[in-house]
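Participant: Sharing a model that was predicted from the sequence below.
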Amino acid sequence: METQRVDIRGLSRSELVDFLTGLGKERFRAEQLFRWIYKRGVSDFAAMTDLSKVLREQLEQRALVSTLIPEAVEVSSDGTRKYLLRLTDGASVEAVRIPMENGRATLCISSQVGCAMGCAFCLTGQFGFQRHLTAAEIVGQVCAGLQDGPIQNIVFMGMGEPLHNLDAVVRALEILYDPAGLDYSSRKITVSTCGLVPQMDELGRRITVNLAVSLNATTDAVRDVLMPVNRRYPLRELLAACRRFPLPAQRRVTFEYILIRDLNDSLADARRLVALLHGVKAKVNLIPFNEHEGAAYRCPTEATIEAFQRHLLQRGLVAVRRASKGQDISAACGQLKGKLEKA
């Protein structure tokens with residue numbers, strides 16, 4: 001029976017050292033491999049010419065470097081690129097490359113196939129939860145996105161709840177941060193959560209990363225309807241976790257607030273939001289609801305959005321209206337997957 005090969009794409013450098021030590025090899029070989037894989041983009045061991053022939057043959061027998069190749073790509077008129085990535089078991093996830101100012105780019109990546117959280121406004125939840133992604137599949141999305149040019153920022157805001165897959169997300173972050181690998185600063189990576197409070201605490205203990213919280217309501221009654229996780233971890237507990245989350249100086253917790261017509265977009269909501277975020281180093285991203293076929297909700301009027309943002313700004317909150325990108329393609333999480341797989 002053939003021994004299952006180890007996917008090096010999913011190993012942190014310390015784990016790779018352990019793997020190579022088990023083959024009787026020196027520690028520094030791990031850095032060599034990381035540089036071949038992440039700096040030079042090489043996945044063929046035979047091409048790693050500063051490794052001995054014996055080691056290359058051992059790696060061919062015992063290991064592999066997985067590669068995710070987009071099965072479909074949609075390109076928006078604004079430059080947004082949405083990738084559908086097929087995994088080895090036939091499942092698929094999405095990643096989105098979003099152009100920013102000055103030629104920079106942000107990549108939005110997924111952490112699960114489907115999602116178990118059941119948020120009412122989220123298309124991904126309609127697929128149900130299938131499985132967690134491995135660290136290799138998470139990092140592989142970044143490597144796939146880099147084929148279209150440099151990526152300055154990474155956000156775990158695609159399909160799935162990142163903190164439901166905490167171990168793989170932390171391992172992926174370690175790989176993304178490694179100086180011999182992709183060498184990202186923790187300032188450039190953000191992990192989003194719907195509000196899994198114990199996992200927020202654990203994330204803060206295990207690694208440094210920016211935190212974004214999908215808030216979307218200012219009362220437990222409304223949030224219970226929109227986000228079932230709130231029934232387990234209500235607003236009081238969630239905001240307490242945000243206040244104690246360890247952040248380096250000058251950083252803020254980002255609160256994602258999807259504005260939905262006649263549900264959470266009133267001035268009373270804006271006033272409650274100011275009160276809720278008292279004592280939190282906070283930034284608010286206001287996101288008008290992205291309407292899609294079959295959606296039960298609608299986007300607020302322009303005047304309502306402007307009034308909501310103005311109230312927050314006047315009360316001293318950093319409140320940014322997040323520009324909608326990719327409106328002429330399958331922009332919302334799950335739209336491209338749904339469209340192609342239904343077809």
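Facilitator: Yep, it's here.
Participant: residues contacting residue 112?
Facilitator: Contact partners of residue 112, counting by Cβ atoms under 8 Å, 6 or more residues apart in numbering, are 93, 129, 130, 131, 132, 133, 159, 160, 161, 164, 165. For glycine as for every other residue, the C-beta is placed from the backbone atoms N, C-alpha and C.
Participant: 6 Å instead?
Facilitator: If you count contacts by Cβ atoms under 6 Å, 6 or more residues apart in numbering, residue 112 has them with 132, 133, 160, 165.
Participant: ok, it to residue 30 distance?
Facilitator: With the distance defined as Cβ to Cβ, to the nearest Å, residue 112 ends up 28 Å from residue 30.
Participant: which one of the contacts of residue 112 is nearest residue 315?
Facilitator: Checking the contacts of residue 112 against residue 315 with Cβ to Cβ, the nearest one is residue 160 at 33.6 Å.
Participant: Specify the local secondary structure of the closest one.
Facilitator: Counting by DSSP: H, G, I helix; E, B strand; the rest coil, the backbone at residue 160 sits in coil.
Participant: Distance-wise, check the nearest residue to it once chain neighbours are set aside relative to residue 166.
Facilitator: For residue 160, ignoring the flanking residues on the chain, the nearest one in space by Cβ to Cβ, 6 or more residues apart in numbering is residue 112 at 2.6 Å. In this structure, residue 112 and residue 166 are 11 Å apart, going by Cβ to Cβ.
Participant: cool, residue 158 as well?
Facilitator: Using Cβ to Cβ, residue 158 is found at 16 Å from residue 166.
Participant: still on that earlier bit, tell me both backbone torsions, phi and psi, for the residue nearest to residue 160.
Facilitator: Note on residue 112: its backbone torsions stand at phi -150, psi 160 [degrees, to the nearest 10].
Participant: On the strand side of things, show who it bridges to.
Facilitator: Under the criterion DSSP bridges, residue 112 forms beta bridges with residue 132.
Participant: neighbours around residue 58, how many?
Facilitator: For residue 58, the tally of surrounding residues (other Cβ atoms under 10 Å) stands at 17.
Participant: need the contact list for it.
Facilitator: With contacts defined as Cβ under 6 Å, 6+ apart, residue 58 is in contact with residue 23.
Participant: go on, residue 279?
Facilitator: Under the criterion of Cβ under 6 Å, 6+ apart, the contact partners of residue 279 comprise residue 243.
Participant: Quick check: phi and psi on it?
Facilitator: Backbone torsions for residue 279, taken as degrees, to the nearest 10, come to phi 90, psi 0.
Participant: for the stretch 151-300 of the chain, what spans make up the helices?
Facilitator: Along the stretch 151-300 of the chain, the segments classed as helices by DSSP state H, counting those that start in this stretch run 166-177, 197-206, 220-226, 235-244, 267-276.
Participant: deepest of those, which one?
Facilitator: Per-residue neighbour counts averaged over each of those give the maximum for helix 166-177, namely a mean of 22 (mean count of other Cβ atoms under 10 Å).
Participant: other SSEs contacting it?
Facilitator: Helices and strands in packing contact with helix 166-177 are listed as helix 135-146; criterion 3 or more Cβ pairs under 6 Å, 6 or more residues apart in numbering; DSSP states H and E.
Participant: so what secondary structure elements neighbour the helix it packs on?
Facilitator: Against helix 135-146 (3+ Cβ pairs under 6 Å, 6+ apart) you get strand 92-99, helix 166-177.
Participant: could these go into JSON lines alongside distance to residue 245 and mean pLDDT?
Facilitator: Written out in JSON lines, the entries for the helices and strands packed on helix 135-146 read as follows (distance: least, Cβ to Cβ, whole Å; pLDDT from 0 to 100):
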{"stretch": "strand 92-99", "distance to residue 245": "25", "mean pLDDT": "96"}
{"stretch": "helix 166-177", "distance to residue 245": "14", "mean pLDDT": "98"}
